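Asker: compute the structure for the input listed below.
(one chain, ligands or ions: 1)
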Amino acid sequence: MVESSAVPGVRELPPIRPGDTGLPLLGRALDYARDPMALFRRQWEHYGPVAPIRILGSTRVMLLGPDACEAALRNRGKAFVSGPAWTRVVGPFFRRGLMFLDFDEHLLHRRIMQHAFTRRRLESYSAAMHPAIETTLARWEPGRSFRAYPALKKLTLAIATDTFMGGAPDTTPDEMDRINRAFVDCVQSAGAIVHADLPFTRWHRAHRGRRTLDRFLRHYLPERRATRTDDLFSVLCHIESEDGERFSDDDVVNHMIFLLMAAHDTSTITLSTMLQYLGQHPEWQQRCRRESLALGPRPDLRELEDLTSLDLAMKECLRLRAPVPVVVRRTVADTEVLGTRIPADTDVVVTPQFSHMMPEYWTDPLAFDPDRFAADRREDRSHPYAWEPFGGGVHKCLGMYFAGGEVKAVMHHLLRGHQWRVDPGYVAPINNHSLPFPSDGQPIDLDRR
Ligand code: HEM
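Answerer: Sure, this is the predicted structure:
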């Protein structure tokens, strides 16, 4: 053990092994894009839970396993920050969204925003989702090679337009497609190698996307300020903390852009993973359908939450393909994780997806086995951070219950109106350049019932 000169008993980070430096400039970035799990496993085997890694010209630290992830996410010594780390990954395009704020400012904004996610509000958002889901699903054209992923992406955008925006009556369907494209361009900045606003780069497209989203929201802002409605946009315009603090116009636009992004891609990925696994496991599809058929067409939030089999299947899909497989932090002071010193100004990669697949915490981790979450097994209780698709600590996902309601509402309608099959041998070709999505569009064999 190489002991730190500063603190007795604390190790220095191990040196990077000669074969582990990766490509010039890129380092191990391509290894991540190709197969994140293989990279995590190699890091774990070579270095253990606190593993140095070269990525895009700098040495970062990868935290592996629930103990190491917990240390960074709980952040008891306040040595880790979120904003600068996420800005390095996705650029300035979601600036001043909640996840990009730290410490007192984060706490203040989170306290105000919590009022937009109370139980009463969630119930009203949930009720507002049904018409958008019904209308969009009615337009789906089933077939033997139905591309589920792009269809789900449009569907979650339609839901967001209604429940977040309260509709966008001045925006044509073509313009809405451009809004969707603008989100994609902002999110895909995460895979950019050139971090400069140069023509034809991802960064350039993301800047253009941010401007499009900004214009779109500012167009509707005065009207939402003027009238109180039940959509999230209007709620953000009017909510205040216990001390009477409110969001400025800029805050509302910044938070909306981040929330639309946070809600849109993550829910789409969860839904497409569920379509894949339920298509490959017809017995589970049937089990979920039976529960949905026993309910009315437009269940309320409580009824959706009580769909037991669907809940188990959703949790298992979030384990197998976490929509946010890694979260990032940066150290602002020297700190120590599980006995290894991490210097100040180090970029840190926290890896929930690796925890989800560790045989130490899960039986047969590669298998689709939703019952592992059932009351008599509760494998997720093997460690408080064994299952962490929504993160943990002060930045834990604020939209977790919203997401659960949305995913279950869509699945409920799909199960009642459709049936689908996916080849049991199908392995989704996942694009890992930003959030993980199936690059083949996720073909399924879809029928109406
Ligand atoms: C299945 C769907 C979702 C997943 C897996 C997910 C995952 C996450 C994760 C891992 C974080 C923590 C990031 C970090 O620690 O750096 C996060 C933060 C956040 N999410 Fe979600 N999310 C989902 C859906 C949503 C939805 C639907 C909304 C809003 C309606 C939302 C709003 C937020 C917000 C506001 C934060 C930042 C919280 C803070 O910094 O205090 N998320 N999400």
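
Asker: how near is whichever residue of the stretch 251-400 of the chain sits closest to the ligand to P199?
Answerer: For the stretch 251-400 of the chain and the ligand, the shortest gap (Cβ to the nearest ligand atom) falls at G399, measuring 2.0 Å. Using the backbone N, CA and C atoms, a C-beta is placed for each residue, glycine as well. With distances taken as Cβ to Cβ, to the nearest Å, G399 is found 35 Å from P199.

Asker: and those two? Which one has more around it.
Answerer: Using other Cβ atoms under 10 Å, the more surrounded residue of G399 and P199 is G399, with 21 against 6.

Asker: give me every residue that touches that one.
Answerer: By Cβ atoms under 8 Å, 6 or more residues apart in numbering, the residues touching G399 are F117, L259, A262, A263.

Asker: the same query, at a cut-off of 7 Å, please.
Answerer: If a contact means Cβ atoms under 7 Å, 6 or more residues apart in numbering, then G399 has F117, A262, A263 as its contacts.

Asker: any low-confidence regions in the stretch 201-350 of the chain?
Answerer: The stretch 201-350 of the chain contains no residues with pLDDT under 70.

Asker: around the ligand, which positions in it sit nearby?
Answerer: L259, A262, A263, T266, S267, T270, P323, V324, V327 (Cβ under 6 Å from any ligand atom).

Asker: the third one - how many residues pack around it?
Answerer: Burial measure for A263: 21 neighbouring residues, criterion other Cβ under 10 Å.

Asker: same thing with the fifth one?
Answerer: Taking other Cβ under 10 Å as the neighbour definition, S267 ends up with a count of 24.

Asker: right, and it touches V407 too?
Answerer: Yes: look at S267 against V407 with Cβ atoms under 7 Å: they come within range, at 5.8 Å.

Asker: ok, the closest residue to R319 other than its chain neighbours to P18 distance?
Answerer: In this structure, R319 finds its nearest non-sequential neighbour in H356, 4.5 Å apart by Cβ to Cβ, 6 or more residues apart in numbering. Applying Cβ to Cβ, the value for H356 to P18 is 31 Å.

Asker: for R181, what are its contacts?
Answerer: Contacts for R181 (Cβ under 7 Å, 6+ apart) come out as none.

Asker: more crowded one of H356 and P18?
Answerer: Ranked by neighbour count (other Cβ under 10 Å), H356 and P18 place H356 first, with 24 against 6.

Asker: pretty sure that one contacts R321?
Answerer: No: counting by Cβ under 7 Å, H356 does not reach R321; the two are 9.0 Å apart.

Asker: and stretch 384-394, what's buried?
Answerer: By 16 or more other Cβ atoms under 10 Å, the buried positions in stretch 384-394 come out as Y385, A386, W387, E388, P389, F390, G391, G392, G393.

Asker: any figure for the gap between H130 and P323?
Answerer: For H130, the distance to P323 equals 23 Å [Cβ to Cβ].
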